[in-house]
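[1] sequence below, structure please.
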Amino acid sequence: MELSGEKILLSKISINDLDFICRIECNKNLWYFEEYVESDKNVVREEYIQKIEEKEKPTSYDFIVTIATDKSKTPIGLAQIWNNSEYRKSWEIGFAILPEYWGKGYGSEAARLLLQFAFEELDAHKVVGMCNANNTRSAALMEHIGMRREAIFKEELFWQNKWVDQYYFSILEREYFDRN
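    Coordinates of the predicted model:
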């Protein structure tokens, strides 16, 4: 499965992507604003093998981000969407772009493609995203793609040996279709 944008391509992960996924998921610098980053690549590898081999109705979708014009499909990031509440038709998005590709619109386009996939293919009612309040780039990106900051969870995350706030963003199906 592939999702195509103007600048990027999202390709569903495969066994061939595991080395890149392990490298990106275990990169503490890339996930600087997260409470916890798995350091054991074998744990990450096993988690993703289970996801790839999932035969039932998927509850999550993981995509490798590549530049659309790159014939070699060199991975530049990871974009993910997972079922937050099946009954409520709510999905959550997450994304990470390697730092050398920041500031080029790739993260915004990846997040937009995830929204499009959620509302047009997964029949989502709502899509949410969360970030550490100190992660101003992620917060700005979510607002840029039309998500609204709905809440601030006070001292929700234990980060850098202190309690910090977490922002909660969302966009409803009708809001998505009203703007498109």
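[2] for this protein, which helix is longest?
    helix 106-120 (DSSP state H).
[3] next, the buried residues of that one.
    Buried positions in helix 106-120, judged by neighbour count with 16 or more other C-beta atoms under 10 Å: 106-115, 117-119. C-beta here means a position set from N, CA and C on the backbone, and glycine is covered the same way.
[4] of these, closest to L10?
    L113 (5.5 Å; C-beta to C-beta).
[5] now E156: phi and psi?
    phi -80, psi -30 (degrees, to the nearest 10).
[6] what about the longest helix of the chain, average pLDDT?
    Helix 106-120 shows a mean pLDDT of 97.
[7] look up how far W31 lies from the residue minimising distance to the centre of the chain.
    Geometric centre of the chain, nearest residue: G94, 1.9 Å, by C-alpha atoms, centre = their mean. Counting by C-beta to C-beta, to the nearest Å, the separation of G94 from W31 is 10 Å.
[8] the residue nearest to the centre of the chain belongs to a strand?
    Yes. Counting by DSSP: H, G, I helix; E, B strand; the rest coil, G94 is part of a strand.
[9] beta-bridge partners for it, please?
    Q80 (DSSP bridges).
[10] okay, it: pLDDT?
    94.
[11] ok, it - contacts?
    Listed by C-beta atoms under 8 Å, 6 or more residues apart in numbering, the contact set of G94 reads 79-82, 129.
[12] among these, name the buried ones.
    79-81, 129.
[13] export those to JSON lines and tack on pLDDT?
    As requested, the buried ones among the contacts of G94 are exported to JSON lines (pLDDT from 0 to 100):
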{"residue": "A79", "pLDDT": "97"}
{"residue": "Q80", "pLDDT": "96"}
{"residue": "I81", "pLDDT": "96"}
{"residue": "G129", "pLDDT": "96"}
